[in-house]
Each structure stands twice: as structure tokens, then as C-alpha cells.
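Visitor: just need the structure, nothing else, for what follows:
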Amino acid sequence: MNRLQKIARFTLIMCLTALCTSVVAVGVFYFILGLPIQRALGGFGFISICGLSAFAPLIYKKNPGRVSFDERDLMIKKKASLGAYTIFWALFVLAAMIPFFILGPNGKISVKYLPAMVFGGIVTVMLFESMITLEEYGRKSKGEKS
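Guide: Predicted coordinates for the structure are as follows:
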């Protein structure tokens with residue numbers, strides 16, 4: 001397993017841990033503790049666990065004297081970034097247009113939802129970029145052709 005795969009795996013684990021922990025925290029706060037939904041949504045603060053993935057390049061350092069990044073790795077990184085941002089923009093457009101169709105042209109949405117869209121976008125890009133990276137590296141070992 002090369003360095004990019006290790007970083008992608010670490011990022012995927014951090015994102016999934018953050019999402020699962022956040023959903024469980026909101027559920028516990030709302031259903032078990034009986035907090036109002038506005039206060040229970042504070043459980044999404046666990047999304048900050050995704051920030052630990054920024055330490056992945058420090059954990060998985062480059063090996064001196066070895067080639068750690070070649071043309072194939074660059075192509076996989078480009079494919080993963082393109083795929084992740086394609087999914088992000090599709091979800092972003094849906095997140096912007098669904099309220100428009102539900103509320104109509106005269107509807108109003110509070111600005112408190114804008115940070116959620118930003119954090120959701122960051123997590124979406126990180127999650128899908130990691131998944132696509134791992135999937136692209138896994139292809140060759142199964143004998144499939146690009």
C-alpha cells in the first residue's frame with residue numbers, strides 16, 4: 001500500500017467516524033435526553049473529527065530515497081479530485097434548488113443553514129475523494145482495465 005492509499009484510508013476512517021459520531025450524538029441528544037432539535041443539532045460538532053485527517057501527511061511520511069509519486073499516482077489523484085468535486089457540485093445544486101421548489105420563489109431560508117452547507121461540502125469532497133482514490137488503486141489488483 002503506497003502513501004496516497006494510506007492517506008486516503010485514514011481520511012475515509014476519520015470522515016466516517018465523524019459522521020457516525022455526529023448522527024449518534026444528535027439522536028441521543030434529541031430522542032434520549034429530550035433536548036429541543038436546535039440544541040440537539042450541536043451534536044454535529046463531532047464533524048470536527050474530520051480535521052484530524054489533516055495530520056495524515058505527517059503520520060505517513062515520505063520515504064527518503066524512494067519514488068513515492070509517479071504519473072499513475074498523479075492520474076489517480078486527478079480522477080479522484082474530479083469525481084469528488086463533480087459529486088459535490090451535484091449535491092450543492094440539489095441543496096440549493098430543493099428548498100426553492102418546496103418553498104417557492106417567495107420563500108425564506110435562514111442563514112444559519114449556510115455553515116452546514118459549507119461543512120457538508122468539505123466532508124463530501126474528503127469522503128468521496130478518499131473512496132475514489134482507494135477504488136482506483138484497487139482496480140489493477142483485480143485485473144480490470146482502466
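Visitor: for the rest of this, base every contact and every neighbour count on C-alpha atoms.
Guide: Fine.
Visitor: which strands and helices sit next to the helix or strand bottoming out on mean pLDDT in the chain?
Guide: Using mean pLDDT, DSSP states H and E, the weakest-scoring helix or strand in the chain turns out to be helix 37-40, at a mean of 86. If contacts are counted by 3 or more Cα pairs under 8 Å, 6 or more residues apart in numbering; DSSP states H and E, helix 37-40 sits against helix 3-27.
Visitor: for the helix it packs on, list every residue counted as buried.
Guide: 3-16, 18-19, 21-23, 25-27 (16 or more other Cα atoms under 10 Å).
Visitor: rewinding a little: chain center to the least confident helix or strand of the chain: distance?
Guide: Offset of helix 37-40 from its chain centre (Cα atoms, centre = their mean, to the nearest Å): 23 Å.
Visitor: ok, now stretch 19-36?
Guide: Counting by Cα atoms, centre = their mean, stretch 19-36 is centred 21 Å from the centre of its parent chain.
Visitor: any low-confidence regions in the protein?
Guide: In the predicted model of the chain, residues 139-146 satisfy pLDDT under 70.
Visitor: let's see 90
Guide: Residue ranges of the chain with pLDDT under 90: 1-3, 37-45, 47-48, 61-70, 96, 99, 105, 107-119, 138-146.
Visitor: which strands or helices does the helix or strand hosting Ala56 pack on?
Guide: Element membership for Ala56 (DSSP states H and E) is helix 56-59. With contacts taken as 3+ Cα pairs under 8 Å, 6+ apart, helix 56-59 sits against helix 3-27.
Visitor: if we use 6 Å, what do you get?
Guide: Where contact means 3 or more Cα pairs under 6 Å, 6 or more residues apart in numbering; DSSP states H and E, helix 56-59 is not packed against any helix or strand.
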